[in-house]
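> okay, sequence plus prediction incoming.
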Amino acid sequence: MSDAPHRRFVIRDRNWHPKALTPDYKTSVARSPSQALVTIPQSISETTGPDFSHLKMGQHDNDLLLNFNTGALPIGERIIVHGRVVDQFGKPVPHTLVEMWQANAGGRYRHKNDRYLAPLDPNFGGVGRALTDSEGRYHFRTIKPGPYPWRNGPNDWRPAHIHFSISGPAICTKLITQLYFEGDPLIPICPIVKAVNDPEAVKTMIARLDLTANNPMDCLAYRFDIVLRGERQTFFENK
């Protein structure tokens with residue numbers, strides 16, 4: 001059998017991503033491997049599927065203003081987040097699942113372990129999903145999340161961000177990353193972001209203001225294009 005279909009999966013450049021052990025990002029100390037990483041050849045099960053093209057989506061799955069509300073809209077700055085998912089050669093990745101989750105406008109997640117003193121918003125769940133179209137485009141409407149303190153140092157704060165999980169055409173292309181917002185002064189001083197040595201890698205995680213896609217007199221838009229695999233891959237953070 002020809003191996004042509006597998007050539008599309010270009011190996012990741014590990015120099016593009018931070019080292020697993022990044023002491024200033026304190027949880028990486030306990031989570032980093034104690035031995036060298038081993039590259040394992042990919043099997044057919046990792047390079048074929050899953051196929052999300054027939055996944056039935058709810059009416060408001062990609063609209064976080066409506067998918068959890070109890071009769072009122074969430075509190076906060078309304079925004080649109082949109083972009084394209086492409087492969088390492090710039091070709092669109094159609095009909096793939098894009099999932100996202102985030103804190104509310106006060107910087108608090110709807111999660112039992114989040115004990116930040118900011119209140120929960122009864123009309124905001126903080127999760128959404130979408131399928132890319134034939135050109136790899138996706139679209140969400142949501143609330144701009146707030147920054148929040150975290151127990152890394154005495155005064156460390158996470159920049160406003162949205163978590164993304166993109167499945168891609170195969171298990172081996174799955175990407176989990178974070179979106180930051182252009183111009184946020186917390187980005188360059190965040191210990192997680194500072195674990196990235198390459199400024200160009202940081203740029204792949206920053207959504208840009210896109211006035212061509214906003215809703216006039218309603219909400220601003222931010223564009224976040226995502227590249228799966230290869231040398232141009234959107235950066236993913238140290239786990």
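Structure received.
> point me to the helix or strand that includes the spatially most central residue of the chain.
Most central in the chain under CA atoms, centre = their mean is F164, positioned 2.4 Å from the mean C-alpha point. Per DSSP states H and E: F164 is located in strand 161-166.
> by how many degrees do the top strand by length along the chain and strand 161-166 diverge?
Determined from DSSP state E, the single longest strand within the chain is strand 78-87. Strand 78-87 runs at 40 degrees relative to strand 161-166, counting by axes from the mean of the first three to the mean of the last three CA atoms, to 10 degrees.
> and strand 78-87, how far from the chain's centre?
The chain centroid and the centroid of strand 78-87 are separated by 10 Å under CA atoms, centre = their mean, to the nearest Å.
> for it, name the packing helices and strands.
Contact here means 3 or more CB pairs under 8 Å, 6 or more residues apart in numbering; DSSP states H and E; on that basis strand 78-87 packs against strand 137-143, strand 220-223, strand 226-228. Bear in mind the C-beta positions are built from the backbone N, C-alpha and C, glycine included.
> show me what secondary structure element comes after it.
Next along from strand 78-87, by DSSP H and E: strand 97-102.
> this protein: helices as residue ranges?
Ranges of helices in the chain, per DSSP state H, are 27-31, 44-47, 191-194, 199-203.
> for I176, which non-adjacent residue is spatially closest?
Leaving aside its sequence neighbours, I176 sits nearest to S165 (CB to CB, 6 or more residues apart in numbering; 5.0 Å).
> tell me who's in contact with the closest residue to I80 other than its chain neighbours.
Using CB to CB, 6+ apart and skipping residues adjacent in sequence, the residue nearest I80 is A221, 4.0 Å away. Shown in contact with A221 (CB atoms under 8 Å, 6 or more residues apart in numbering): I79, I80, V81, H82, L209, D210, L211, T212, A213, N214, N215.
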